[in-house]
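K.L.:
Provided below for reference: sequence and predicted model.
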Amino acid sequence: MDSITTIQLRKSVKKMLESLKEKKDETYEEIIVKLIDENENEKKKIEQLMIEEYKETAEESLKISKEWEGALMDGLDKNERWNY
């Protein structure tokens, strides 16, 4: 079993925790654990959204690359050099 410890909080933080109680008998520990869980879930959602967005971006990039690849196949001289 985990040992119990005491932490110090400003009264303003305690009030904020108090306002997050859904039940009158809910402990501060339960509220803090719930906040940590919600934070972790939110991180996972954001991570998943980023992965999906990267996949979409990669697919679009591949699509554009294939379109340009086709431009080289239309008879342009592959050895042609452009001066900038």
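P.N.:
Cool, the structure landed.
K.L.:
mind exporting stretch 32-43 as CSV, just the C-alpha atoms?
P.N.:
What follows is stretch 32-43 as a C-alpha-only set of coordinates in CSV (Å, rounded to 0.1, in the frame of the first residue of the first chain):
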residue,chain,number,x,y,z
ILE,A,32,-6.2,15.3,-8.7
VAL,A,33,-6.1,11.7,-10.0
LYS,A,34,-9.1,12.5,-12.2
LEU,A,35,-7.3,15.6,-13.6
ILE,A,36,-4.2,13.6,-14.3
ASP,A,37,-6.2,10.9,-16.1
GLU,A,38,-8.0,13.6,-18.1
ASN,A,39,-4.7,15.2,-19.0
GLU,A,40,-3.2,11.9,-20.2
ASN,A,41,-6.3,11.1,-22.2
GLU,A,42,-6.1,14.6,-23.8
LYS,A,43,-2.4,14.0,-24.7
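K.L.:
model confidence over the lengthiest helix in the chain, on average?
P.N.:
Longest helix in the chain, counting residues (DSSP state H): helix 28-72. Averaging pLDDT along helix 28-72 gives 92.
K.L.:
Mind giving me the packing neighbours of that helix?
P.N.:
Judged by 3 or more C-beta pairs under 8 Å, 6 or more residues apart in numbering; DSSP states H and E, helix 28-72 is in contact with helix 11-19. C-beta: built from backbone N, CA, C; applies to glycine.
K.L.:
tell me which residues of the helix it packs on are tucked away?
P.N.:
Going by neighbour count (16 or more other C-beta atoms under 10 Å), the buried part of helix 11-19 is Leu17.
K.L.:
Just want the angle from the longest helix of the chain to helix 11-19.
P.N.:
80 degrees (axes from the mean of the first three to the mean of the last three C-alpha atoms, to 10 degrees).
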